[in-house]
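# need a structure here:
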Amino acid sequence: MYTPRAFAIDDLSQLHELILATRLAILVTHGEQGLQASHVPVLLHREQGPNGTLYGHLAKANPQWKDLRDGAEAMLIFPGLDAYVSPGFYPSKAEHGKVVPTWNYVAVHAYGHAETFSDGGRLLDIVSTLTDRHEAGRAQPWSVDDAPADYIDGMLKAIVGFAIPIDRLEGKRKLSQNRSAEDIAGVREGLAASPDINDQTLAHLMR
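Numbering: from 1, shown residues only. As a prediction, the model looks like this:
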C-alpha cells in the first residue's frame with residue numbers, strides 16, 4: 001500500500017482498533033490458480049504473537065483455502081471509512097484554482113502465512129465467537145447453540161479454518177494532512193454537511 005509518511009499509522013493499538021472496527025475483511029492470496037480474494041469476517045487475538053493473530057474460515061468448496069494450506073503469503077485488507085473530497089471544499093480553489101478531486105480514507109493491510117485446520121472443536125470456537133460478536137446488541141441474539149447439534153456438526157464439516165499470525169501491518173489514515181489548515185477545515189465542514197453518514201463519520205475523524 002502506497003503510504004506517504006504523513007498518512008502512515010504506526011501505533012499497534014490503533015491498527016488493532018481499526019481491524020476490530022471492520023466487520024468484513026478481504027482475504028487475498030496468490031497460488032496455482034492465480035490471484036484469489038474472499039470476503040470474510042475474522043477474529044483478532046491481540047495477545048498471540050508480536051502483532052496479533054487473525055482467525056477465520058472459508059467454505060471447503062472455496063479453493064482459496066488450498067493457497068493458505070500450501071504456504072502462500074496472505075494479505076487481509078481491512079477497509080475503513082472513505083469519502084470523496086470535492087475541490088469545492090478547498091478555500092484555496094478560489095485563490096488559485098490549482099486543486100483536483102481526491103479521496104480520504106482509512107485502511108489496514110495485514111500480511112502473514114496461515115495454518116489451516118478442520119478440527120471441529122477449533123472451528124466451533126471460531127464460529128461461535130464470530131456469531132456472539134455480531135449478534136451482540138440484538139434484543140434476542142441468536143446463538144450457535146440454538147441450532148440442532150447434528151446440523152452444526154454438518155456445517156462445520158463444510159468449512160476450513162485458518163489462523164494467520166500477523167508478520168507485518170500497514171496502516172493508512174489519509175485525512176487531508178497534506179493540505180493547509182484552511183483546506184482541512186473546508187474538507188471537514190464539507191463532509192460534515194453531507195447527507196451521507198459515512199461522510200459525516202469521516203469528518204468526525206478529522207477533528
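# contacts and neighbour counts: CA atoms only from here.
Will do.
# which residues touch A193?
Residues in contact with A193 (C-alpha atoms under 8 Å, 6 or more residues apart in numbering) are Q200.
# If you count contacts, what does the helix or strand bottoming out on mean pLDDT in the chain end up packed against?
Taking mean pLDDT, DSSP states H and E as the measure, the helices and strands of the chain show their lowest mean at helix 92-96, namely a mean of 79. Judged by 3 or more C-alpha pairs under 8 Å, 6 or more residues apart in numbering; DSSP states H and E, helix 92-96 is in contact with no other helix or strand.
# And the next helix or strand past that helix?
Next helix or strand after helix 92-96 toward the C-terminus (DSSP states H and E): strand 102-113.
# Just the buried residues of the helix or strand following that next one, please?
Using DSSP H and E, the next helix or strand after strand 102-113 towards the C-terminus is strand 115-117. Residues of strand 115-117 classed as buried by neighbour count (16 or more other C-alpha atoms under 10 Å): E115, T116, F117.
# what comes into contact with stretch 156-163?
Contacts of stretch 156-163 (C-alpha under 8 Å, 6+ apart): 53-61, 65, 68, 114-118, 120, 122-124.
# does the residue nearest the centre of the chain belong to a helix or a strand, and which?
Of all residues in the chain, the one closest to the mean position by C-alpha atoms, centre = their mean is F78, 1.7 Å from it. Using DSSP H and E, F78 sits in strand 73-85.
# the inter-axis angle of that strand versus strand 102-113?
Orientation check (axes from the mean of the first three to the mean of the last three C-alpha atoms, to 10 degrees): strand 73-85 against strand 102-113 gives 170 degrees.
# measure the closest residue in space to Y84 that isn't next to it in sequence to K174 for me?
Nearest residue to Y84 in three dimensions, chain neighbours excluded: W103, at 4.6 Å (C-alpha to C-alpha, 6 or more residues apart in numbering). In this view, W103 and K174 are 8 Å apart by C-alpha to C-alpha, to the nearest Å.
# same thing with E32?
Applying C-alpha to C-alpha to E32 and K174 gives a distance of 35 Å.
# Which one's more surrounded, the two?
Legend: neighbour count by other C-alpha atoms under 10 Å for E32 and K174, higher for K174 (20 against 11).
# what residues are up against the more buried one?
Neighbour list for K174: F7, N104, Y105, V106 [criterion: C-alpha under 8 Å, 6+ apart].
# And the biggest helix by length in the chain, what's buried?
Determined from DSSP state H, the single longest helix within the chain is helix 120-135. For helix 120-135, the buried set under the neighbour-count rule, 16+ other C-alpha under 10 Å, comprises G120, L123, L124, I126, V127, T129, L130.
# okay if I get the buried residues of strand 115-117 as TSV plus distance to S38 and pLDDT?
TSV is the format used below for the buried residues of strand 115-117 (distance: C-alpha to C-alpha, whole Å; pLDDT from 0 to 100):
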residue	distance to S38	pLDDT
E115	17	97
T116	16	98
F117	18	97
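# ok, so of those, who is nearest I184?
E115 (43.9 Å; C-alpha to C-alpha).
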